[in-house]
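Novice: Make a model of this:
(2 chains)
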Amino acid sequence: MRSLLPVLTVLIALLAVWFAAVAPMNIRQSLDQAERAGNVVMPEGARVRSETSRFLLMFQNPNEILRGFNLDRPRLPTPVQVGQELWKTTGAMVLKGRAFSKRSLIFHGWITLQSTLFGFALGTSIGILGAVAIVYSRTAAMSLMPWAIISQTIPIVALAPMIIVLTGQLGIEERAVPKAVISAYLCFFPVLVGMVKGLSSPAREDLDLLRTYSASGIATFFKLRLPSSLPYLFTSLKVGIAAALVGTIVGELPTGAISGLGARILIGDQFGTPLAIWSALFAAAILAGALVTLLGLFQRYALRRIRGAA
Amino acid sequence: MILLGNAILFWCSAWTLNVLLARSRFHSNKIVRILVPALFGLSLLVLWEGAVTSLGISPVILPAPSDVMTRFAAETGTLWEDFVQTVLKGALSGYVIGATAAFTIAILIDRSSFLTRGLLPVGNFVAALPIVGIAPILVSWFGFDWHSKAAVVVVMVFFPILVNTVQGLKEASAMQQDLMRTYAAGYWQTLRKLRLPAAMPFIFNGLKIATTLALIGAIVAEYFGSPTRGMGFRISTGVGSLSIDLVWAEIAVAALTGSVAYGIVALVERSTTFWHPSQRNDK
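Specialist: Just a heads-up that it's a prediction; the model follows:
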């Protein structure tokens, strides 16, 4: 709570910078529009203006600056415009009872969320299984761990189109599969690293104690190693879910997907509707924030339950 | 079929050898530590080769590693041109600008604890966002050439480095800062001699995360329009024209670049922060 005021200040400052940037970013476009509407504009002709500095243009045509805040296809939309567009494609659609129409961001967000959760589940399972193998077998640790690190230095986007070709040729028509594979690829690593740390976190004495009870390997795993790894698991899950969302959106961007938030960005780019791009971007940000917050709440609840039981 | 059998046999024997090596008393030997993962990777490649050639998988779906290597050797000119366009012009210049900007701003806001407290949560949040989505916007602002790619990279690397640097500058303890004060050290002296060195592990962590992000940014931005060269351009057109072996060659270049860039940052880290416990342990 102590940091609420500073965070708000920073956010307001960012919004102010954004607002201030709208005027110079859009001045050329608004002057073009004003000229077409028959207003007198200082240097005439778009060609001449494109060689004049933006700030000089603003200085010479102070009356046309405001026009830049209300363009249909602005170079840089105002925060208000983005907010309105977001509301128009989410809340307003819900009120009209068409929350899952193809024009609503809720529909596209849902598609993205599905792939993200699918990839998250896949990546988390791979990460946990890999961590168990690495903790229990030195051979696996020595041969897998370096490759896990190298796998993260490979830019996944280079592989993304190939994964789509491969799954397509294997007869998997489902669009969600390649996206989920890509997001699992990004998400398994933080889980793997966190779980290796977590599973090897019990102290020597604790492991020895269980041995004096003549506990089996499986009992040691479920009664000691797994519970003590949970705090690490939750921390890496929060990193993992954000990575999974990035993976899904990266998977949607270069592949000609038709639904999903990444596809909205792509389509907005092809049809020259910046407002669609910006609202999809903010929807993705809100989704990321919601997922991380949800996991954080679950973490707090689960850890409290475990400590209460102990 | 025999080839596939041989490949599986090779994989099994490589794994057995790895088990033996890992259990032997040489397991902490430096050469063995490199040999084991190298052998594992090699055995995977052999398995891939064997599977593709003996099962008759079409090169349009998955080319054999040997085909990719031949194509790699035949197309070094194209690959180099793409490398210069994407990595040296787009990713590297963006990385340097983004890192410098993040570092400078981190040091500036560090003087105000109010700003630090406000910026850390916001920066942490932004660092977790899918910022790649901003690529089409920046391409339409800065044009098709490498400038827009560098801009995407700047935005992508900025927040991880900023957050890590700000966090790192908080690392020096009050006791150590008091000691500097008793030496009558000024702000800049304390910064240079105590706080920056203490922040180095964090800064390098940010720089490492950013190397991969820079490549991702530069390649994704090329999917949204680029001149007729560049790794992202070649990959997207290669998939369209079914020259899949060239695509894999580009992927190999990207993988190699990513690993080498990460390795360089890690090496610099080791030589600058040799005193840090995390670096001393593995000696």
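Novice: Report the closest residue of chain B relative to chain A.
Specialist: B:G118 (3.0 Å; CB to the nearest CB). (C-beta placed from N, C-alpha, C; glycine too.)
Novice: Give me the nearest residue to that residue, chain neighbours excluded.
Specialist: Nearest non-adjacent residue to B:G118, counting by CB to CB, 6 or more residues apart in numbering or on different chains: A:P6, 3.0 Å away.
Novice: ok, now which ones touch the one you found?
Specialist: B:F114, B:L115, B:T116, B:R117, B:G118, B:L119 (CB atoms under 8 Å, 6 or more residues apart in numbering or on different chains).
Novice: Next up, identify which helix or strand it is on.
Specialist: Assigned by DSSP states H and E, A:P6 belongs to helix A:4-36.
Novice: buried stuff in that helix?
Specialist: For helix A:4-36, burial by neighbour count (16 or more other CB atoms under 10 Å in any protein chain shown) applies to A:6-7, A:10, A:22-31, A:33-35.
Novice: if we can go back for a sec, what pLDDT does the residue nearest to B:G118 get?
Specialist: Looking at A:P6, its pLDDT reads 85.
Novice: still on that earlier bit, any idea which helix or strand carries the residue of chain B closest to chain A?
Specialist: Judged by DSSP H and E, B:G118 forms part of helix B:113-127.
Novice: Quick one: name whatever helix or strand follows that helix.
Specialist: Trace forward from helix B:113-127 with DSSP H and E and the next one is helix B:135-142.
Novice: the inter-axis angle of the helix or strand just after that next one versus helix B:135-142?
Specialist: On the C-terminal side of helix B:135-142, the closest following helix or strand by DSSP H and E is helix B:146-169. In terms of direction (axes from the mean of the first three to the mean of the last three CA atoms, to 10 degrees), helix B:146-169 departs from helix B:135-142 by 120 degrees.
Novice: which other helices and strands contact helix B:146-169?
Specialist: With contacts taken as 3 or more CB pairs under 8 Å, 6 or more residues apart in numbering or on different chains; DSSP states H and E, helix B:146-169 sits against helix B:93-109, helix B:113-127, helix B:135-142, helix B:196-223.
Novice: what's next to the second one, contact-wise?
Specialist: So the one you mean is helix B:113-127. A:2-3, A:5-11, A:14, A:289, B:109-110, B:159-160, B:162-163, B:166-167, B:170.
Novice: Show me which residues of the stretch 51-200 of chain A are close to chain B?
Specialist: Neighbours of chain B within the stretch 51-200 of chain A, by CB under 8 Å from any CB of the partner chain: A:75, A:137-139, A:141-147, A:150, A:152-159, A:161-162, A:165-166, A:169-170.
Novice: Narrow these to those in helices?
Specialist: A:138-139, A:141-147, A:150, A:152-153, A:156-159, A:161-162, A:165-166, A:169 (DSSP state H).
Novice: Kindly provide the distance from the residue in the stretch 1-150 of chain A positioned nearest to chain B to B:Y187.
Specialist: Closest approach of the stretch 1-150 of chain A to chain B (CB to the nearest CB) occurs at A:P6, with a separation of 3.0 Å. Separation of A:P6 from B:Y187 (CB to CB, to the nearest Å) stands at 21 Å.
Novice: And for B:V153?
Specialist: 32 Å.
Novice: more neighbours, these two?
Specialist: It is B:V153, of B:V153 and B:Y187, that has more neighbours when counted by other CB atoms under 10 Å in any protein chain shown, with 29 against 10.
Novice: What residues does the more buried one make contact with?
Specialist: Contacts of B:V153 by CB under 8 Å, 6+ apart are B:G90, B:A91, B:S93, B:G94, B:Y95, B:G98, B:L213, B:A214, B:G217, B:A218, B:A221.
Novice: nearest residue to it other than its sequence neighbours?
Specialist: B:V153 sits nearest to B:G94 (CB to CB, 6+ apart), 2.7 Å away.
Novice: for A:A148, same thing?
Specialist: Leaving aside its chain neighbours, A:A148 sits nearest to A:L192 (5.8 Å; criterion: CB to CB, 6+ apart).
Novice: Just the mean pLDDT for the helix or strand containing that neighbour, thanks.
Specialist: Using DSSP H and E, the element containing A:L192 is helix A:176-199. Mean pLDDT, computed over helix A:176-199, is 87.
Novice: And that helix, what does it pack against?
Specialist: helix A:105-136, helix A:138-153, helix A:156-169, helix A:226-252.
Novice: immediately after it, which helix or strand?
Specialist: Immediately after helix A:176-199, counting by DSSP H and E, sits helix A:204-212.
Novice: Can you dump the C-alpha atoms of that following helix in CSV for me?
Specialist: What follows is helix A:204-212, C-alpha atoms only, in CSV (Å, rounded to 0.1, in the frame of the first residue of the first chain):
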residue,chain,number,x,y,z
ARG,A,204,20.6,-33.0,4.3
GLU,A,205,19.3,-33.6,7.9
ASP,A,206,15.7,-33.8,6.7
LEU,A,207,16.6,-36.3,4.0
ASP,A,208,18.6,-38.3,6.5
LEU,A,209,15.7,-38.3,9.0
LEU,A,210,13.4,-39.8,6.4
ARG,A,211,16.1,-42.5,5.7
THR,A,212,16.1,-43.4,9.4
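Novice: Any idea how far that helix is from the middle of the chain?
Specialist: Here helix A:204-212 shows a centroid-to-chain-centroid distance of 42 Å under the convention CA atoms, centre = their mean, to the nearest Å.
Novice: How about stretch B:12-19?
Specialist: Chain-centre distance of stretch B:12-19: 30 Å, with CA atoms, centre = their mean.
Novice: how close does B:S241 get to B:I235?
Specialist: Taken as CB to CB, the span from B:S241 to B:I235 is 11 Å.
Novice: Over to B:T211?
Specialist: Taking CB to CB, one finds B:T211 at 19 Å from B:I235.
Novice: between the two, which one's more packed in?
Specialist: B:I235 (28 against 24).
Novice: Can you confirm whether stretch B:243-260 lies near chain A?
Specialist: Yes. Legend: contact between stretch B:243-260 and chain A by CB under 8 Å from any CB is shown at B:I244, B:V247, B:W248, B:E250, B:I251, B:A254, B:A255, B:G258, B:S259.
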